[in-house]
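Chemist: Provided below are the primary sequence and the corresponding predicted coordinates.
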Amino acid sequence: MPEKNMVEAIHDTLDLLMAQDESVVMMGEDIGVNGGVFRVTDKMLSKYGAARVIDTPLAESAIVGTALGMAVGGLRPICEIQFLGFLYPALDQLISHVSRIRDRSAGHLGAKMVVRAPYGGGIRAPEQHADSAEAYLTHIPGLKVVVPSSAADAKGILVSAVEDDDPVIILEPIRLYRMGREQVPEQLYRVPLGTARIVQEGTDISVIAYGAMVPVAQEAARNLQREQGVSVEVVDVRSLSPLDEETLVASVRKTGRAVIVHEAPLTGGFGAEIMATVSEQAFWWLKAPVQRVTGPDVPFPPYAWEDWYVPSAARVQRVVSQVMAEE
Amino acid sequence: MPEKNMVEAIHDTLDLLMAQDESVVMMGEDIGVNGGVFRVTDKMLSKYGAARVIDTPLAESAIVGTALGMAVGGLRPICEIQFLGFLYPALDQLISHVSRIRDRSAGHLGAKMVVRAPYGGGIRAPEQHADSAEAYLTHIPGLKVVVPSSAADAKGILVSAVEDDDPVIILEPIRLYRMGREQVPEQLYRVPLGTARIVQEGTDISVIAYGAMVPVAQEAARNLQREQGVSVEVVDVRSLSPLDEETLVASVRKTGRAVIVHEAPLTGGFGAEIMATVSEQAFWWLKAPVQRVTGPDVPFPPYAWEDWYVPSAARVQRVVSQVMAEE
Amino acid sequence: MATWPMISVMGGDTSHVSCTDEEALRIYQDMVVLRAFDEKTLTLQRQGRVGTFAPSLGQEAAEIASAHALEPMDWIAPSYRDHGALYVHGLPLDQVILFAMGRSGSYAAGVRALPSSIPIATHLLHAVGLAYALRQRAEPQVAMAYFGDGATSEGDFHEALNFAGVWQVPVIFFCQNNGWAISTAVSHQTHSETLAQKAVAYGIEGIRVDGNDALAVYGVVREARERATEGGGPTLIEAVTYRMGPHTTADDPTRYRPSGELEGHRAQDPLIRLGQYLAGRSILSAEDQERMAADSRDRINEAVARVEAMDPVAVEEMFRHVYQVMPNRLARELRDWGAN
Amino acid sequence: MATWPMISVMGGDTSHVSCTDEEALRIYQDMVVLRAFDEKTLTLQRQGRVGTFAPSLGQEAAEIASAHALEPMDWIAPSYRDHGALYVHGLPLDQVILFAMGRSGSYAAGVRALPSSIPIATHLLHAVGLAYALRQRAEPQVAMAYFGDGATSEGDFHEALNFAGVWQVPVIFFCQNNGWAISTAVSHQTHSETLAQKAVAYGIEGIRVDGNDALAVYGVVREARERATEGGGPTLIEAVTYRMGPHTTADDPTRYRPSGELEGHRAQDPLIRLGQYLAGRSILSAEDQERMAADSRDRINEAVARVEAMDPVAVEEMFRHVYQVMPNRLARELRDWGAN
Ligand SMILES: Cc1ncc(C[n+]2csc(CCOP(=O)(O)OP(=O)(O)O)c2C)c(N)n1
Ligand SMILES: Cc1ncc(C[n+]2csc(CCOP(=O)(O)OP(=O)(O)O)c2C)c(N)n1
Ligand SMILES: [Mg+2]
Ligand SMILES: [Mg+2]
C-alpha cells in the first residue's frame, strides 16, 4: 500500500473521482494551472480540461452559488475555497440556499455538492489565513460538516462526501497537509459521514478532538500515560454534523471524564455543542465537569502569537490533570 | 411614566440619541420615508434629514461595511438590517473587519457602531424572515450581541450600545415588538451590556431564556407553579456576548437544575454555550442534567409550521417536569 | 458613451423577433389569469386566508411575455414576485396558493424552475450555474433569472454577471425595473442612468425594453435566448415597467409614492395596451376579454377551493426533507416533537 | 460604446495635472525606497527572518505616485500589497517589517490609514464610509482605496462603487491592474475589455492610466481628488501595470506565467522609466541614483536592525485589544494562558 500525506491522498482521490464520473467538476481560485495554493489539484487542468477544472474569478459567493446551480443542473461540483477565512462571503449562499434547497423544494432538488477548504493554524500564514470557522457551519441545518485528521480518512471522507446526496463541507487541517505519510489504500473506499473514530482506547478520561487537534491529543495521551499513568481515550469527532453522539457518549460513559479540544475560540465554539451533548447524555456517569481546551476568545492572531493561540499537548495535559484531580 | 411597546421605546430612544449627538446617523433599507418596515424609524427622515437618516441601496454587506468606515471617520452609525435572515451577506464584514479592527490596529481604531435587526418567528412572515441567527454572532470575538425582551430593556440596551466603544448587534424579537405596553422612563438610562436579568426568583429550577422566549418561560413558570407547585427562577440572558456567567451560574447553583430555551435550532445554538458554561461551573451543584428546549435542527419552516417550530410554554413545562423528575 | 434606447414594438418597430398573433393571444390570456390571480389573492389576504403576498399588478407583460419566450426545458430562477412566470412555465396555481399560505415551497416536480428566492439577488448565481451545467451536458437550453431593480445593488448580482461573462454561458438576466424596491426609488438605488448599461461592466449584452409592451418583451427575450443557445453568451435585460400595487400585502405605498405617480402610469397598464393592440388586429373582442376574465376567476376559485380542502399540515413534514436520509439526532427530535 | 483610452503623460500629453520636478524627484526617491525594501524583505523571507510577504516589484509608480497625489489628512484603505503607499502616507518602515514578521498590524497612530486588508475587496466599503464621514463632518479630504484587478470580481467591489455613486462621496477607487490575481490572468477575471469601464455601471467617472508612468498616475489621482473634494463624486482609476515578482513569497509564478511575458515588461519597469525621464530633464544624475539606492538600503537595514532588537511578543498582547474593556471571561482566559 502506498504511503501518502494528506495532500497527496486528497489529490489522488479527486483524480479517481474525476476519472470515473464525468459529471464531477472542480472549481475555485487558482486551482487550474497553479494546481491550487497547496497543490491539491496539481495537473488536474491538463488532465481534465478547463471545462471540468474551473479557475474561477475571485468571488466566493459566486463559487458556492454557481456550484449550487450546477448541482441542480446535474453536475457534481467540488468547490475549493482557498482558505476557510475567505468562506465568509459565501456564508449567505450556504445558509440561505445550499442547505435549504432540498427542504424548500419538498425533496425534489438537492445540492449534491462539496466544498473543500484548508483551515487552521500551523504554517505561520498571514492574518485571516488560519481561522477555524466550523461553528458557523455546524449550526446550518441541511449542511454536513466533516474534518479529516489523517490521510486515509481524508480519502474515505472525500469519497463519501462526493457521493452524498446532500451538501458537504470538508475542512482540511492545513497543519496536517504534509505532516507525514501513512498507508492509504489505492482503491476507492468510504468513511461513512456521521461516524466518529476511536483513535486510541483508554479508561480514565476521553479527550475529544478533531482535525489538527487529534495528533495533539494523541501526544498529550502518550505523555499522560508515561508521566502520570493516566489512560486516555482519544476520540476523533471527524463528522461534526451530523454528530456521532453514540460514540462520543459511550466513550464518556465509559471513562466518566472528558476534555474537548479545538482551535477555534472558546465561546460558542463547536466544543460547546459536544460538551452540551455529553453533559446531557452522560450526566449520571460523569465524575468531574467536562472541560474545553480551545483557542481564546480573540481573533486568530498574527503568527508571532500562533503558538500561544493553538492548543498544545502541554495545555491538554494540564487540563486533563486538573480534571483527573477533581472528585 | 408613559407606557410603550417595544417599537415605540426603540423609536423614542433613537430620537433622543439623534437629537443629543450630531454624529449619530442611521442607515438601512427603507428606514427613511417609509420609516422602516416595522416603523421603528418613523418620521426620523423629516426630523433629521437624509444625510443622517440614510435610505441605502439594497446591499447588506455595504450597509455594515460602509458603517465601519463611518465609525472610523468619527460618526456613530446605527444600521438597521431589515430582517436578521438578510444579515448573512454582511457576516463577512462583521467577522473580518467590524469585530477585528480594534485588535488589528492595536487599539487605535474602533468600530463604534450598532447594528439592529428584527428576528425570530411569530408574525407568520414569509420564508427567511424569521431566522434566529445569534449563534453565528456569538462566536465572533470583538462583537457584542444583545437581545432585549422588554420595552424598558430595549431602551436601556440601545443607549448602552450606542455609547459603547465596541460594535454591538441588537437582535430585536419581532414577536415582542407590539406585544403590549409597559412603563418606560422618559430620560436616558442604561442597561449595562454584559448583565443578565433575574426576571423572577425561584428555588427549584432555573429556566434560562432570551428574547421572545422570556415571556414563554414566564408563562411556563406560572403554569408550573400553579399546576405542580414548582418554583421556577426565570433568567433573561439579555447579553449573549459578553455573557453574564456569574448571574447564570449563581442561579443554577442555587436551584440545582436548569432548562435553556431558545428559538434557534438545537445543534450549535447558543444554548450549547450556556449549557457548557453552567455544566462546567455549576457541576457539583447539579441535581439533574441541564436540558435545552429549542427549535429543531431544520430551517425555520414556512409559517404553517411556525407554531410547531417555536418553543411553547407547554414544551418548556414538559421538559421542566422531566428534569424535576430526574434524581 | 452609448445610450441605452428603450425598445418598444407595439409602436411599430419591426426590427425585432416578432410574436405571432396566436402567441400574443396566449400571452394576453395568461396576463388576464395573472391579474385575476393577484386580485383574488389580495382579497384572500385581507380575509386572512393567505399570508403575505407579492402581487405583479402592472408588471403582467414583463412577467408573462418573458416566460412565453422560453422553452419548457429552459430553467428559470424566480424571485418571490414571479408566480406569473412560474405559472407560464408549468407551476400549477394550487402550488402558488400553497406558497402564499405558508404551506409549501413554490416548486413542482418536473417543472424546470427553482423555488422562489426570497433573499434578493442570491438566485442569479444559481441561474449561472444551471447555464453552465446545460452547456456542459450539451443541453441546448438556457437558464433565466428573474429579479427586480433593487437586486442590482447586491454583490451577488455583480458576481453572477461577471461569472456569466467570463464563462459565456447561456443565461439571461431578466430585470424588472418596476421603479421601486419597497420604498426606495430606482433613482436612489444606483447613480447609473439605466440598469441595462450595467452590462458594460461585464462585457456582455445589455438591453433596455419597454416592459409594458408584451410584444417587445417577447421579442428581446427570444433574441437573447437565440444568442445564448448559439454560444453568444449572456444578456442583461432591463424591462422598464411599473409596480401598480403594494410591494406586498404588508406594504403601504401611500407612505412613499409621490402623489399622482400611480395615476400617470395607468395609461401604460400592460393589460390594456395588449388588449387594445389585439383588438386593433381584430383578434380579440370585448366579449373575448370578458370571457377570459370570467374563466380565469373560475379557475382560480376552483384552485382555492381545492387547496382549502386539503388536510392541515403535519409536523412530520417540517423534518422530512432537510436531508435525503434523516440523521439520528433529527429523527430523535422528530419523535420528541410528535410526542408534544 | 465609448472606449477607454490609456492615459500616459511621459510621452508628452500635457492635458493632465502636472507634477513639478521636485515632486517627481520625491516620487522617484520613494520608488527607490520601495524597490530596495521589497528586495530586502524578499531576502529576509528566504532567510526565515520574516514571513509571507507581498512585494510591489514593477508596481512602484502606481503605488508611490498615487500616494504622493494625496494630502496627509486624506484617508487610505490599503490591501496587503500597499506598504509603499502606506510608507508615503506616513507609516514607518519598522511597522511594515513588524507586519511581515507577524507581530503587528500595519497601523501607526496618527496616520490616516486603515490596517492593510487581507480579505479581498472588503475594504473598499470602508473607504466609502470614511468618505461619507468626511463630507458629513465637513472635512475637505478624500478617502482612497487600493486594490487589485482580482478584487473587481468580489461583490463588495460592486456594492462599494454603487454606494459611492448614489452618495456622491469623495472617494477614489485606485485599482492596480497588475495583470494577475495570483495565477489568474485578468482576461479570466472578467469579460470586460478594461476595468475602467466598470464605472459605467455606477454612473461614475472611470479612468484608465498607464500605471507605469508615475507622472500620469500622479496627474489622474490629483484630478480625481480635485473632482471629489469639489463635490464631483467618486472616480474609479484603473492603473495598468505589471507584477514583476511573485504574488507573495509563497508563490511560484513560473507555474503559470507564460514564458517571455515578464521579459516583455522589463522595458516598462517604472523605476527605469522615471529615472530616464528625470535624467532627460537633467535633474537626476547616475550618481544621484546610486546614492539614493545606497541611502535606501541603509535606512532599511537600520529599520530591520531596530525591529530585530525588539523584545519578543508577550502573550498578553494577544488579548489586550479585542475589546476596549476586557470582558470577565476573556480576562479569566488571559489569566489561565499566563499560567501556562
Ligand atoms: C438580502 C435581502 N435583503 C432584504 C430583503 C427584504 N426585501 C424584500 S423585497 C425588497 C425590495 C426588492 O426590490 P426589487 O429588487 O426592486 O424587487 P421588487 O420587489 O420591486 O420586485 C427587500 C428590501 C430581502 N428579501 N433580501
Ligand atoms: C476574500 C478573499 N479571497 C481569497 C483571498 C486569497 N487571495 C489573496 S491575494 C489573491 C489575489 C488578489 O489579486 P488582485 O486583486 O489582482 O491583487 P494583487 O494580489 O494582484 O495585488 C487571492 C485570491 C483573499 N485574500 N481574500
Ligand atoms: Mg423593484
Ligand atoms: Mg492583480
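Modeler: It's in. Ligands and ions are numbered 1, 2, ... in the order given.

Chemist: contacting residues around residue A:201?
Modeler: By CB atoms under 8 Å, 6 or more residues apart in numbering or on different chains, the contact set of residue A:201 is residue A:233. C-beta here means a position set from N, CA and C on the backbone, and glycine is covered the same way.

Chemist: how about the residues of the stretch 51-200 of chain C near chain B?
Modeler: Where the stretch 51-200 of chain C comes near chain B, counting by CB under 8 Å from any CB of the partner chain, the residues are C:51-52, C:80, C:99, C:101-105, C:118-121, C:150-151, C:153-156, C:181-184, C:188-190.

Chemist: Setting the sequence-adjacent residues aside, check what's closest to the closest residue to ligand 1 within the stretch 151-300 of chain C.
Modeler: Nearest residue of the stretch 151-300 of chain C to ligand 1, counting by CB to the nearest ligand atom: residue C:181, 3.1 Å away. Leaving aside its chain neighbours, residue C:181 sits nearest to residue C:150 (2.6 Å; criterion: CB to CB, 6 or more residues apart in numbering or on different chains).

Chemist: The one you found contacts residue C:120, doesn't it?
Modeler: Yes. With contact defined as CB atoms under 8 Å, residue C:150 reaches residue C:120; the gap is 6.3 Å.

Chemist: care to break chain A down by domain?
Modeler: Residue ranges for the domains of chain A, per automatic domain parsing: A:3-183, A:197-325.

Chemist: Now look at the longest one and say if it contacts ligand 4.
Modeler: No. Domain A:3-183 stays out of contact with ligand 4 when judged by CB under 5 Å from the ion, the minimum separation being 9.2 Å.

Chemist: can you pull out the strands in chain C?
Modeler: C:6-7, C:75-77, C:143-148, C:171-177, C:180-181, C:184-185, C:205-210, C:235-240 (DSSP state E).

Chemist: Report the angle between the longest one and strand C:143-148.
Modeler: Orientation note: strand C:171-177 sits at an angle of 20 degrees relative to strand C:143-148 (axes from the mean of the first three to the mean of the last three CA atoms, to 10 degrees).

Chemist: Show me the contact partners of strand C:171-177.
Modeler: Outside strand C:171-177, the residues touching it (CB under 8 Å, 6+ apart) are C:59, C:62-63, C:66, C:81, C:124, C:127-128, C:130-131, C:142-149, C:151-152, C:160-161, C:164, C:186, C:195, C:211, C:221, C:224-225, C:228, C:234-241.

Chemist: That one vs strand C:205-210, what angle?
Modeler: Angle of strand C:171-177 versus strand C:205-210, following the same axes, to 10 degrees, is 40 degrees.

Chemist: hmm, back to that, quick one: which of the strands of chain C is nearest residue A:147?
Modeler: Counting by CB to CB, residue A:147 lies closest to strand C:75-77 out of the strands of chain C; the figure is 32.5 Å.

Chemist: Pull out the buried residues from the closest one.
Modeler: By 16 or more other CB atoms under 10 Å in any protein chain shown, the buried positions in strand C:75-77 come out as C:75-77.

Chemist: Ok, stretch A:216-229 next?
Modeler: For stretch A:216-229, by 16+ other CB under 10 Å, it's A:216-221, A:223-224.

Chemist: Could you do stretch C:45-55 as well?
Modeler: Of all the residues in stretch C:45-55, those buried under the rule 16+ other CB under 10 Å are C:45, C:50-55.

Chemist: out of those residues, who's nearest ligand 1?
Modeler: Among the buried residues of stretch C:45-55, residue C:54 lies closest to ligand 1 (CB to the nearest ligand atom), at 6.4 Å.

Chemist: then the helix or strand harbouring residue A:252 to CSV, C-alphas only?
Modeler: Element membership of residue A:252 [criterion: DSSP states H and E] is helix A:245-255. The C-alpha trace of helix A:245-255 is given here as CSV (Å, rounded to 0.1, in the frame of the first residue of the first chain):
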residue,chain,number,x,y,z
GLU,A,245,-23.4,11.2,19.6
GLU,A,246,-23.5,7.5,20.2
THR,A,247,-19.7,7.0,20.0
LEU,A,248,-18.9,10.2,22.0
VAL,A,249,-21.4,9.5,24.7
ALA,A,250,-20.4,5.8,25.0
SER,A,251,-16.8,6.9,25.5
VAL,A,252,-17.6,9.4,28.2
ARG,A,253,-19.9,7.0,29.9
LYS,A,254,-17.1,4.5,30.0
THR,A,255,-14.4,6.9,31.3
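
Chemist: Might you report the residue contacts of residue 33?
Modeler: Because you didn't say which chain, this covers chain A. By CB under 8 Å, 6+ apart, the contact set of residue A:33 is A:45, A:55, D:183, D:255-256.

Chemist: actually it's chain C I care about, not the one you picked
Modeler: Listed by CB under 8 Å, 6+ apart, the contact set of residue C:33 reads C:87, C:296, C:299-300.

Chemist: Residue A:47 should be in a helix, yeah?
Modeler: Yes. Counting by DSSP: H, G, I helix; E, B strand; the rest coil, residue A:47 is found in a helix.

Chemist: For stretch A:149-157, buried residues please.
Modeler: For stretch A:149-157, burial by neighbour count (16+ other CB under 10 Å) applies to A:149-157.

Chemist: need those residues in a markdown table with distance to residue C:22, can you?
Modeler: Putting the buried residues of stretch A:149-157 into a markdown table (distance: CB to CB, whole Å) gives the following:
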| residue | distance to residue C:22 |
| --- | --- |
| A:149 | 65 |
| A:150 | 66 |
| A:151 | 64 |
| A:152 | 64 |
| A:153 | 62 |
| A:154 | 60 |
| A:155 | 59 |
| A:156 | 59 |
| A:157 | 56 |
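
Chemist: Out of the residues you listed, the closest to residue A:302 would be?
Modeler: Using CB to CB, residue A:149 is the member of the buried residues of stretch A:149-157 that lies nearest residue A:302, at 26.0 Å.

Chemist: Not including adjacent chain positions, what is the nearest residue to residue C:122?
Modeler: Spatial nearest neighbour of residue C:122, excluding adjacent residues (CB to CB, 6+ apart): residue C:156 at 5.2 Å.

Chemist: What is the burial count for that neighbour?
Modeler: The number of residues packed near residue C:156 is 29, by other CB atoms under 10 Å in any protein chain shown.

Chemist: Now do the same for it: its pLDDT.
Modeler: Note for residue C:156: predicted pLDDT of 98.

Chemist: List the contacts of it.
Modeler: Listed by CB under 8 Å, 6+ apart, the contact set of residue C:156 reads A:61-62, A:65, A:92-93, B:89, C:121-122, C:124-125, D:155.

Chemist: Around the residue of the stretch 101-250 of chain A found nearest chain D, count how many other residues there are.
Modeler: Closest contact between the stretch 101-250 of chain A and chain D, by CB to the nearest CB, is at residue A:128 (4.7 Å). Look at residue A:128: counted by other CB under 10 Å, it has 23 neighbours.

Chemist: What of residue C:269?
Modeler: Residue C:269 has 18 neighbours, counted by other CB under 10 Å.
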